[in-house]
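J.: Sequence plus predicted model, see below.
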Amino acid sequence: MAFTEKECMACRKDFPALERTVHGLPLAYLDGPGGTQVPRQVIDAIAGYYRTCNSNTHGAFVTSEESDAAIQRAREAMAAFLGAPSWREISFGANMTTLNFALSHALSRAMQPGEEVVVTQLDHEANRGPWLGLRERGLVVREVTLRPDGTLDEEDMVRQVTPKTRVVALGYASNALGTVNDLPLARRLSKAVGAWLVVDAVHYAPHFPLDVVELDVDFLLCSAYKFYGPHVGILYSRPELLDCLKTDRLSTQDDAAPFRIETGTLNHAALAGVTAAVEYAAGFGTGPGLREKILSAKRGVAAWERQVALHYFEEVRRIPGVTVWGPDFSSLHRAPTVSITIDGVTPADAAKHLAPRGLAVWDGHFYAARAIEVLGLADKGGVLRTGISMYNTKQEVDRLLSGISELTKA
Ligand SMILES: Cc1ncc(COP(=O)(O)O)c(C=O)c1O
């Protein structure tokens, strides 16, 4: 379904946070890659849970039964969002990082010293740290090289995946540069050597439709607070795979998937919010079921976000002294996230200049620290990142461009 300026302006009314002003100026949230704002529908679902059915699970009484049902709905909603065969493949956790640590511990118990894990220089630390930590257990971690243009070196990926590889851990889209990685290649290579493919889709999920079956991934992680929901991490595991893993868990815990990797009490209210976030997204699409609506909505929103991001990309690179990092927009498969540096101005100073002008943008490495280091930007304060979300407009981008122009004239 088409998502144009009209739909964008209409959706803005759903987000109470967009009413905030800074020094009389509307606050422009161009920080979506760090976390998106939340629509009223999600806020109401979370508050509604606390108002009417706050309880622990598996009890005989009504609020406990309703809590069980709310959690089940969240699993079903996320299965539809990701194209998973069923809710049994959907586990929840505090955030993506926590789930990935739990996953890396579990997978490492099925590996022998000397076996290998492949990570990339482009990834967020959340999909590097949990694997790098396995070196303590005698596993070898190999790293795919990042090229200066912000894309992964595919020939190097071919070299790094060897018959000893047991895991390939790869981001789908870069939260620092907007690059979309060649997942089919990673799948082909990992499958050829019998390795598991673990995909960090945290930055991809807010922008593009996902289909875990078509992608043929073993594990895929994302985070609801990046797609207009609350702070909840989500793990998809290929059917029957999680059941075989030795996870960290209590003896009293349900040992079947998807519960097997979930420890302690989940955030029930937030899970009610996850369902609402998926339904909110689906509301911008058409089709007979939730899945079809999500796919249709995502295609429309992706086209809008690309238009706004492309406007920023085209204009910002014309400003003298500005360098844009990462791939251009020649590929349709590129996230609407653009990072720049400005000659003579640190990214932190740029962000501080823009903040009182009602412009929320991030500076630094955003935990994609290795990528920023490899690009030679670590001691320069990283980059200034602008992320486009469904509620962002070209007018907001124009305000940002004026703010950046002021800096280059100073
Ligand atoms: C690409 C990417 N991966 C992983 C993470 C970590 O997600 P979480 O905060 O849910 O642990 C982030 C968070 O910014 C991210 O952008």
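T.: That came through fine.

J.: Hmm, residue 370 is touching residue 123, no?
T.: Yes: if you go by Cβ atoms under 8 Å, residue 370 and residue 123 touch, sitting 7.3 Å apart. All C-beta spots, glycine's among them, are computed from the backbone N, C-alpha and C.

J.: Show me which of these two is the more surrounded one.
T.: Counted by other Cβ atoms under 10 Å, residue 370 and residue 123 do not tie: residue 123 has more neighbours, with 27 against 22.

J.: Quick check: chain neighbours aside, which residue is closest to the more buried one?
T.: Distance criterion Cβ to Cβ, 6 or more residues apart in numbering; nearest residue to residue 123, sequence neighbours excluded, is residue 171 at 4.5 Å.

J.: That neighbour against residue 205, yeah?
T.: No: look at residue 171 against residue 205 with Cβ under 8 Å: they stay out of range, at 11.4 Å.

J.: the more surrounded of those two?
T.: Using other Cβ under 10 Å as the criterion, residue 171 and residue 205 rank with residue 171 on top: 29 against 24.

J.: show me what contacts that one?
T.: Residue 171 makes contact with 120, 122, 123, 124, 127, 181, 199, 200, 201, 202, 203, 204 under the criterion Cβ atoms under 8 Å, 6 or more residues apart in numbering.

J.: swap the cut-off to 6 Å and go again
T.: By Cβ atoms under 6 Å, 6 or more residues apart in numbering, the residues touching residue 171 are 123, 127, 200.

J.: What's opposite it in the beta bridge?
T.: On the basis of DSSP bridges, residue 171 is bridged to residue 200.

J.: Now do it against residue 231, distance only.
T.: Per Cβ to Cβ, to the nearest Å, residue 171 is found 20 Å from residue 231.

J.: just residue 261 next, same as before
T.: Residue 261 sits 18 Å away from residue 231, taking Cβ to Cβ as the criterion.

J.: which of the two has more neighbours?
T.: Set side by side, residue 261 and residue 231 show more neighbours around residue 261, with 23 against 14, by other Cβ under 10 Å.

J.: And the strands in the stretch 1-150 of the chain?
T.: With DSSP state E, counting those that start in this stretch, the ranges of strands along the stretch 1-150 of the chain come out as 21-22, 25-26, 28-29, 90-93, 116-120, 140-144.

J.: Which element, helix or strand, includes residue 300?
T.: Assigned by DSSP states H and E, residue 300 belongs to helix 290-316.

J.: Please spell out which residues along that helix are buried.
T.: Residues of helix 290-316 classed as buried: 290-291, 293-302, 304-313, 315-316 (neighbour count, 16 or more other Cβ atoms under 10 Å).

J.: possible to save the strands of the stretch 1-150 of the chain as a markdown table with distance to residue 66, mean pLDDT and mean neighbour count?
T.: A markdown table is the format used below for the strands of the stretch 1-150 of the chain (distance: least, Cβ to Cβ, whole Å; pLDDT from 0 to 100; neighbours: other Cβ atoms under 10 Å):
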| stretch | distance to residue 66 | mean pLDDT | mean neighbour count |
| --- | --- | --- | --- |
| strand 21-22 | 39 | 96 | 12 |
| strand 25-26 | 38 | 96 | 14 |
| strand 28-29 | 33 | 98 | 24 |
| strand 90-93 | 17 | 98 | 24 |
| strand 116-120 | 42 | 98 | 25 |
| strand 140-144 | 45 | 98 | 19 |
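
J.: looking at those, which is closest to the ligand?
T.: strand 90-93 (8.7 Å; Cβ to the nearest ligand atom).

J.: So the closest one, near the ligand or not?
T.: No: on the criterion Cβ under 6 Å from any ligand atom, strand 90-93 is out of touch with the ligand, staying 8.7 Å away.

J.: So which bits of the protein are right by the ligand?
T.: Residues of the chain lying close to the ligand (Cβ under 6 Å from any ligand atom) are 33, 95-97, 124, 126, 171, 175, 200, 202-203, 223, 233.

J.: Next one: the closest residue in space to residue 189 that isn't next to it in sequence from the ligand, what distance?
T.: Spatial nearest neighbour of residue 189, excluding adjacent residues (Cβ to Cβ, 6+ apart): residue 161 at 4.2 Å. Remark: distance between residue 161 and the ligand (Cβ to the nearest ligand atom, to the nearest Å) = 21 Å.

J.: Next up, the contacts around residue 125.
T.: residue 367.

J.: And residue 179, by the same measure?
T.: Applying Cβ under 6 Å, 6+ apart, the residues near residue 179 are 150, 151, 326, 327.

J.: Thought residue 152 was touching the last one, still the case?
T.: No: with contact defined as Cβ atoms under 6 Å, residue 327 does not reach residue 152; the gap is 10.7 Å.

J.: who's more crowded, the two?
T.: Higher neighbour count among residue 327 and residue 152: residue 152, with 24 against 20, using other Cβ under 10 Å.

J.: Helices of the stretch 101-250 of the chain, start to end?
T.: For the stretch 101-250 of the chain, applying DSSP state H, counting those that start in this stretch gives helices covering 129-132, 154-160, 183-192, 212-215.

J.: what's the neighbour count on the residue nearest to residue 360 when sequence neighbours are not counted?
T.: Nearest residue to residue 360 in three dimensions, chain neighbours excluded: residue 31, at 4.6 Å (Cβ to Cβ, 6+ apart). Residue neighbour count, defined by other Cβ under 10 Å, stands at 19 for residue 31.

J.: is it true that residue 31 touches residue 362?
T.: Yes: Residue 31 is within contact range of residue 362, at 5.5 Å (criterion: Cβ under 6 Å).

J.: what stretches of the chain score poorly on pLDDT?
T.: Applying pLDDT under 70 to the chain flags the ranges 410.

J.: residue nearest the centroid of it?
T.: In the chain, the residue lying closest to the centroid (Cα atoms, centre = their mean) is residue 202, at 1.6 Å.
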